[in-house]
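# sequence and predicted model, in that order:
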Amino acid sequence: MFSKSEKKTLEKIFSKSIEVIDSVTMKNGAILASPPGRRYPYVYPRDTMLILRVLLELGETKKVRKTLEFILDLVGETGEWYQRYTKDGVSASYRPSQVDCNGLVLYMIKRYYDATGDRKFLEKHWKQIYIGTRFLEEHYIKEEKLVFSMNSIHEWPPMEAGFEIWANVCAYAGFKAACDIAKELGRGEDITVWCNIERELKKTLMTKMVKDGHFIKLTNMTKIYDADISELGAYILGILPADDRIMGNTAVFIEKHLYDRKLGGIRRHVEKYGRPGRNNGGYGPYSMYTGWMAQYFIDKGDAKKAKIYMDWFIRHNKGGLIPEHVSTKNNFLKWQKEAKDIGRYYKSGRKEEAEKVMRSKDFRENSLAYWVVPLTWGHAEFLLAYHKLKKKGLI
């Protein structure tokens with residue numbers, strides 16, 4: 001499946017991935033989204049929980065517990081986990097409530113318990129579990145039997161405000177986790193409500209959030225039926241298996257519309273949703289989502305397709321380091337002009353990151369823009385894909 005040189009490259013990326021994650025994991029358990037000096041030297045609960053999901057698969061239960069302890073201590077009075085924090089746990093959020101973060105935290109608590117049987121951990125953190133679930137409950141619209149969110153995985157309200165697929169998949173995973181934990185701890189007064197929501201939400205996900213046999217991005221007064229990587233979420237969180245019919249249709253739909261034929265890999269959404277000036281660093285494929293597609297096809301048993309996505313990491317790693325995403329020079333310059341015109345370029349570290357890109361040899365000589373190198377989450381998703389290949393004897 002892989003040549004000797006390809007295997008050697010993948011092994012190098014694997015080793016570097018471990019190094020990167022270790023280097024951005026603080027003594028208090030905080031995991032930074034990128035090293036200091038790059039664009040994301042913050043703790044993002046979303047990134048962190050998805051990274052922990054990988055570390056748990058690799059058997060790193062002590063690391064998972066420590067980081068969960070750090071994140072659980074950050075919950076706000078209303079039960080919310082904010083968009084991002086400093087490495088010391090101070091809120092640095094500039095986005096509306098991120099409902100999916102709550103679902104992901106609850107999901108990972110249950111995953112940790114399933115792996116360790118650490119009942120004392122559940123008992124110790126019942127208060128955070130309780131108020132975190134109540135926060136989710138407040139966003140559940142009974143009439144629609146879905147969770148309403150202002151933004152989601154892309155942190156972009158214009159395309160995510162409403163009943164959005166990723167937020168609802170995460171909410172379902174969170175309610176299911178909370179229901180199971182409440183049963184385990186004998187918290188009978190909470191079981192009925194949360195378990196009822198879990199059942200209703202699952203049913204609605206499989207009806208209102210499905211069109212033409214595949215998942216859709218958004219249903220509200222505005223409906224978005226276009227391909228979006230978040231539509232793969234039910235597989236990522238283990239709600240549906242890779243061989244599920246709807247999951248299969250969704251993967252085909254995503255690949256058809258979001259595969260980058262020039263650069264390889266998978267883009268996060270259709271280009272128009274990032275214009276003007278929102279496709280940071282230029283429209284192109286993302287490492288973490290390319291990793292998702294590799295994982296999906298490995299689990300489905302399609303080694304040929306999985307290799308296509310693993311080849312992206314071989315092609316686009318920088319000395320073993322993985323970028324957040326890659327774009328062509330032309331797409332980068334198009335984004336840069338749009339972002340300057342509307343004022344986004346000068347906010348949230350975009351200008352500084354862009355200047356690093358433009359100084360790079362790849363940009364000057366190869367007309368490629370590598371945005372945020374390395375990205376911790378991208379390394380984690382590569383690790384999981386590599387681990388799955390190893391387990392199946394494909395590498």
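That came in fine, so what should we check first?

# can you get me a residue count around residue 351?
Using other Cβ atoms under 10 Å, residue 351 is surrounded by 14 other residues. Glycine gets a C-beta too; all of them are placed from N, C-alpha and C.

# and the closest residue to it other than its chain neighbours, what pLDDT?
Nearest non-adjacent residue to residue 351, counting by Cβ to Cβ, 6 or more residues apart in numbering: residue 345, 5.6 Å away. According to the prediction, residue 345 has pLDDT 97.

# I'd say residue 345 and residue 332 touch.
No. Residue 345 is beyond contact range of residue 332, at 11.8 Å (criterion: Cβ atoms under 8 Å).

# who has more neighbours out of these two?
Using other Cβ under 10 Å as the criterion, residue 345 and residue 332 rank with residue 332 on top: 26 against 18.

# anything in contact with each of residue 345 and residue 332?
residue 354 (Cβ atoms under 8 Å, 6 or more residues apart in numbering).

# what pLDDT, on average, does the strand or helix carrying residue 308 get?
Taking DSSP states H and E as the definition, residue 308 sits inside helix 303-316. For helix 303-316, the mean per-residue pLDDT is 98.

# which elements pack onto that helix?
Where contact means 3 or more Cβ pairs under 8 Å, 6 or more residues apart in numbering; DSSP states H and E, helix 303-316 is packed against helix 4-23, helix 287-300, helix 376-391.

# now do that helix against helix 376-391, angle only.
140 degrees (axes from the mean of the first three to the mean of the last three Cα atoms, to 10 degrees).

# residues making contact with helix 303-316?
Against helix 303-316 from outside (Cβ under 8 Å, 6+ apart): 1-2, 6, 9-10, 13, 263-266, 285, 287, 290-291, 293-294, 297-298, 322-323, 326, 370, 382, 385-386, 389, 392, 394.

# buried stuff in it?
Neighbour counts over helix 303-316 (16 or more other Cβ atoms under 10 Å) mark 305-314, 316 as buried.

# using TSV, lay out these together with distance to residue 122.
Putting those into TSV (distance: Cβ to Cβ, whole Å) gives the following:
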residue	distance to residue 122
305	39
306	36
307	40
308	41
309	36
310	37
311	42
312	39
313	37
314	41
316	41
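
# pull the most distant pair out of those.
Farthest apart among those by Cβ to Cβ are 305 and 316. That separation is 18.0 Å.

# dump the helix holding residue 308 to PDB, keeping only the CA atoms.
What follows is helix 303-316, C-alpha atoms only, in PDB (Å, rounded to 0.1, in the frame of the first residue of the first chain):
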ATOM      1  CA  ALA A 303      -7.700   1.200   1.800                       C
ATOM      2  CA  LYS A 304      -7.300   2.800  -1.700                       C
ATOM      3  CA  LYS A 305      -9.300   5.800  -0.700                       C
ATOM      4  CA  ALA A 306      -7.700   6.100   2.700                       C
ATOM      5  CA  LYS A 307      -4.200   6.200   1.000                       C
ATOM      6  CA  ILE A 308      -5.300   9.200  -1.100                       C
ATOM      7  CA  TYR A 309      -5.900  11.200   2.100                       C
ATOM      8  CA  MET A 310      -2.700   9.900   3.800                       C
ATOM      9  CA  ASP A 311      -0.800  10.900   0.700                       C
ATOM     10  CA  TRP A 312      -1.800  14.500   1.400                       C
ATOM     11  CA  PHE A 313       0.200  14.400   4.700                       C
ATOM     12  CA  ILE A 314       3.200  13.000   2.900                       C
ATOM     13  CA  ARG A 315       3.000  15.700   0.300                       C
ATOM     14  CA  HIS A 316       2.300  18.700   2.500                       C
END
